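**Q** From the sequence below, what's the structure:
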Amino acid sequence: MASPVLQSLDLPEDVQDHLEKIMAQIHQDWSSVLDGLVLFGSASRGDFIVGRSNINILLVVRNLSVDLLRRAGKLHRKWGKHQIVAPLLMTKEDLVRSRHLFPLECLQMIQNHVVLAGHDPFVEFPLDTIRLGWQCEQELMANLLRLRQRFIEGEARIEAIQALLLLSITAVLPCIRGLLHRLGQPSNGKDIEILECLPGALQFDSTIFLEILSIKRGLSSPGSLEWGKVYDRYLQNLELFSKRIQELRQEGRL
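**A** Numbering: from 1, shown residues only. As a prediction, the model looks like this:
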């Protein structure tokens, strides 16, 4: 039976079982170098999608070496087939630097993480919110450019559009959370909750974003002749959203 902390998460029993076993293995093999084992991402946020989502774990270690990376490789070889991606290994010093260099990624971990072993590395972990605003704006623009370029690369094929839209919304959602946080708006919650608050928080219609999220979750799917139209609407709205963020910066709110 899974531990209480895992039972409190909205995860399938088999996923809980895999996590329980990897926790036991890490406790046995890594206790001498481990400061903290943290679950983050969709599994800790309540957005885990069976067959689609991955399990993300952070190992906070006292020091790093090539030997330790090799040991992590063996760990991944065993558990990677169970949707558990290669663990993120960081020292406390890495985390301190990251809150300035990667504030958006750190925000996602701060807001949604579960400590599976050891200490919580995100206690008293202030972010540089000015850098956060800039990173979100930069990531959105990069996403928009990729959305155009990879459409060309995929020659507008349906399968290429499908993959492109799902990858895009996955990358856009953290940016939206980061922007809301920078603006002092509620930014924590499930993906659908974040998108539903956009009209009130940023005066932006999030209908197409919600539509792509529904497709990502396997709840809906356009007909084969509709994918091009969906891409067109999504691209136009992402361009409008990027302009809305520019307006907020010009207003001095970012």
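
**Q** Could you use CA atoms for every contact and neighbour count after this?
**A** Will do.

**Q** Domains in the chain, by residue range?
**A** Recorded structural domains for the chain (assignment: automatic domain parsing) are 4-118, 129-250.

**Q** Figure out the helix or strand that the residue of the chain most remote from its centre lives in.
**A** Relative to the C-alpha centroid of the chain, counting by C-alpha atoms, centre = their mean, residue 225 is the outermost residue, at 30.4 Å. Counting by DSSP states H and E, no helix or strand carries residue 225.

**Q** how close does it sit to residue 175?
**A** 30 Å (C-alpha to C-alpha, to the nearest Å).

**Q** got it, and residue 115?
**A** 24 Å.

**Q** Which one's more surrounded, those two?
**A** residue 175 (23 against 18; other C-alpha atoms under 10 Å).

**Q** what are the phi and psi angles of the more buried one?
**A** Here is the backbone geometry of residue 175 (degrees, to the nearest 10): phi -60, psi -40.

**Q** Name all residues that make contact with it.
**A** 104, 136-137, 139-140 (C-alpha atoms under 8 Å, 6 or more residues apart in numbering).

**Q** try 7 Å
**A** Neighbouring residues of residue 175 by C-alpha atoms under 7 Å, 6 or more residues apart in numbering: 136, 140.

**Q** mind checking pLDDT for it?
**A** We have a pLDDT of 97 for residue 175.

**Q** any idea which element residue 236 lies in?
**A** Going by DSSP H and E, residue 236 is part of helix 227-250.

**Q** what's the spacing between that helix and its chain's center?
**A** 20 Å (C-alpha atoms, centre = their mean, to the nearest Å).

**Q** All further residue positions should be reported with the first residue as 30.
**A** Understood, numbering begins at 30; the last thing we discussed is helix 256-279.

**Q** any weak-confidence spans in this protein?
**A** The model of the chain has pLDDT under 70 over residues 30-31.

**Q** what does stretch 135-144 contact?
**A** Contacts of stretch 135-144 (C-alpha under 7 Å, 6+ apart): 66-70, 73-74, 128, 151, 217.

**Q** Return the subset of those residues lying in strands.
**A** The members of the contacts of stretch 135-144 that map onto strands under DSSP state E are 66-69.

**Q** quick one: residue 239 and residue 228, what's the gap?
**A** Residue 239 sits 12 Å away from residue 228, going by C-alpha to C-alpha.

**Q** Let me fix that, I meant to ask about residue 43.
**A** Separation of residue 43 from residue 228 (C-alpha to C-alpha): 38 Å.

**Q** go on, residue 124?
**A** 34 Å.

**Q** Count the neighbours of residue 273 for me.
**A** Neighbour number of residue 273 under other C-alpha under 10 Å is 15.

**Q** wait, what's in contact with it?
**A** Neighbours of residue 273 in contact, by C-alpha under 7 Å, 6+ apart: none.

**Q** Now which of the contacts of stretch 135-144 would you call buried?
**A** Buried members of those, scored by 16 or more other C-alpha atoms under 10 Å, are 66-70, 73-74, 128, 151, 217.

**Q** and residue 113, what does it touch?
**A** Contacts of residue 113 (C-alpha under 7 Å, 6+ apart): 83-85.
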